[in-house]
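K.L.:
sharing a model that was predicted from the sequence below.
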Amino acid sequence: MHGPHLGGVPLAIERPDTASLVRQRLMANADDVDALFVLAALRAQEGYLEEGLTILDHVLRIDPRYPGAWRFKAKLHGMQGEAAAEQSARRRAEEMER
């Protein structure tokens, strides 16, 4: 049997949700690029593409070579129908991956 039990009944352990963990990390360090990247993904997943892009821009100002950020930025621009911005971000991704 795995995990804690109470009288033979498994106890559910509450895990903090991703958004809570991101908030905690950003309170400790507002420039935590990993937390910011996850926040951008969360906002995009919730339908706030423009906010996701703004957060990604902040990530890329801190670390222009952050893994996956340019590709994700290209994808978000594509989702918004911004072909030129999508191509520009895709080119940057290719440059960074060389």
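P.N.:
Ah, there it is.
K.L.:
quick check: phi and psi at residue 64.
P.N.:
phi -60, psi -10 (degrees, to the nearest 10).
K.L.:
what's around it, how many residues?
P.N.:
By other Cβ atoms under 10 Å, 12 other residues sit near residue 64. Using the backbone N, CA and C atoms, a C-beta is placed for each residue, glycine as well.
K.L.:
not counting sequence-adjacent ones, nearest residue to it?
P.N.:
Nearest residue to residue 64, sequence neighbours excluded (Cβ to Cβ, 6 or more residues apart in numbering): residue 96, at 7.2 Å.
K.L.:
pretty sure the one you found is touching residue 70, no?
P.N.:
Yes: with contact defined as Cβ atoms under 8 Å, residue 96 counts as touching residue 70 (5.8 Å).
K.L.:
of these two, which one has the most company?
P.N.:
Using other Cβ under 10 Å, the more surrounded residue of residue 96 and residue 70 is residue 70, with 24 against 16.
K.L.:
and that one, how far from residue 17?
P.N.:
Separation of residue 70 from residue 17 (Cβ to Cβ, to the nearest Å) stands at 28 Å.
K.L.:
which residues sit in contact with the residue nearest to the spatial centre of the chain?
P.N.:
Geometric centre of the chain, nearest residue: residue 38, 2.3 Å, by Cα atoms, centre = their mean. Residue 38 is in contact with 18, 22, counting by Cβ atoms under 8 Å, 6 or more residues apart in numbering.
K.L.:
and what of residue 61?
P.N.:
Residue 61 neighbours (Cβ under 8 Å, 6+ apart): none.
K.L.:
roughly how far does it sit from residue 53?
P.N.:
Counting by Cβ to Cβ - residue 61 and residue 53 are separated by 13 Å.
K.L.:
which positions within the helix or strand harbouring residue 76 qualify as buried?
P.N.:
Per DSSP states H and E, residue 76 falls inside helix 69-79. By neighbour count on 16 or more other Cβ atoms under 10 Å, the buried set for helix 69-79 is 69-77.
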